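Engineer: coordinates only, no sequence provided:
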């Protein structure tokens, strides 16, 4: 658990989606928090984490892409100090592989393999910022899987 109540609420909404399969309820919770934080004008850490999570509960890949792009833009405004003060166990650099993986996946599903490959390269460029823990392995496995899918096309 973080030291940031907003991140904790986002985590609870993530649990609705991933833990309970309640995608619509998670989307509603994310929308409520989004309004409370002031949308894209909010704290970049909140915007990044919320947008990254909101992307996962979209029904349309174009909407998912919009949320993933918001998450990436917010990450560019973050500092390691801000992330650490919130109790997040990653550096800002550790956020980018996942953000770029999600963008690569969106572009792949939209039929834009060049942009997909570009974001895969960006994700791989930051892979050293990830640990060898479950999260790091999840991202690395996702990168390998998408790389294989793009190579098969």
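Structural biologist: On my side now, so go ahead. Note that this is a predicted model, so its numbers are computed, not measured.

Engineer: in the chain, which residue is most central in space?
Structural biologist: For the chain, residue 52 is the residue whose C-alpha lies nearest the centre (Cα atoms, centre = their mean; 3.2 Å).

Engineer: if I look at that one, how far off is residue 72?
Structural biologist: Residue 52 sits 9 Å away from residue 72, going by Cβ to Cβ, to the nearest Å. No exception for glycine: its C-beta is placed from N, CA and C like everyone else's.

Engineer: quick check: neighbours shared by these two?
Structural biologist: Shared contacts of residue 52 and residue 72 (Cβ atoms under 8 Å, 6 or more residues apart in numbering): residue 99.

Engineer: which helices and strands does the longest helix along the chain pack with?
Structural biologist: With secondary structure taken from DSSP state H, the chain has its longest helix at helix 134-151. Secondary-structure packing of helix 134-151 (3 or more Cβ pairs under 8 Å, 6 or more residues apart in numbering; DSSP states H and E): helix 96-109, helix 113-125.

Engineer: which residues touch the first one?
Structural biologist: Applying Cβ under 8 Å, 6+ apart, the set of residues contacting helix 96-109 from outside is 52, 55, 61, 64-65, 68-69, 71-72, 75, 113, 115-120, 122-124, 126-127, 129-130, 139, 142-143, 146, 149-150.

Engineer: report the mean confidence score over it.
Structural biologist: Averaging pLDDT along helix 96-109 yields 97.

Engineer: give me the buried stretch members for that helix, please.
Structural biologist: For helix 96-109, a neighbour-count test (16 or more other Cβ atoms under 10 Å) marks 96-108 as buried.

Engineer: about what we covered before: got the angle between the longest helix of the chain and helix 96-109?
Structural biologist: If you take axes from the mean of the first three to the mean of the last three Cα atoms, to 10 degrees, helix 134-151 sits at 30 degrees to helix 96-109.

Engineer: tell me which residues are up against helix 134-151.
Structural biologist: 90, 97-98, 101, 104-105, 108, 113, 116-117, 120, 123-124, 127, 130.

Engineer: could you pull up the mean pLDDT of that helix?
Structural biologist: Averaging pLDDT along helix 134-151 gives 94.

Engineer: the inter-axis angle of it versus helix 113-125?
Structural biologist: 150 degrees.
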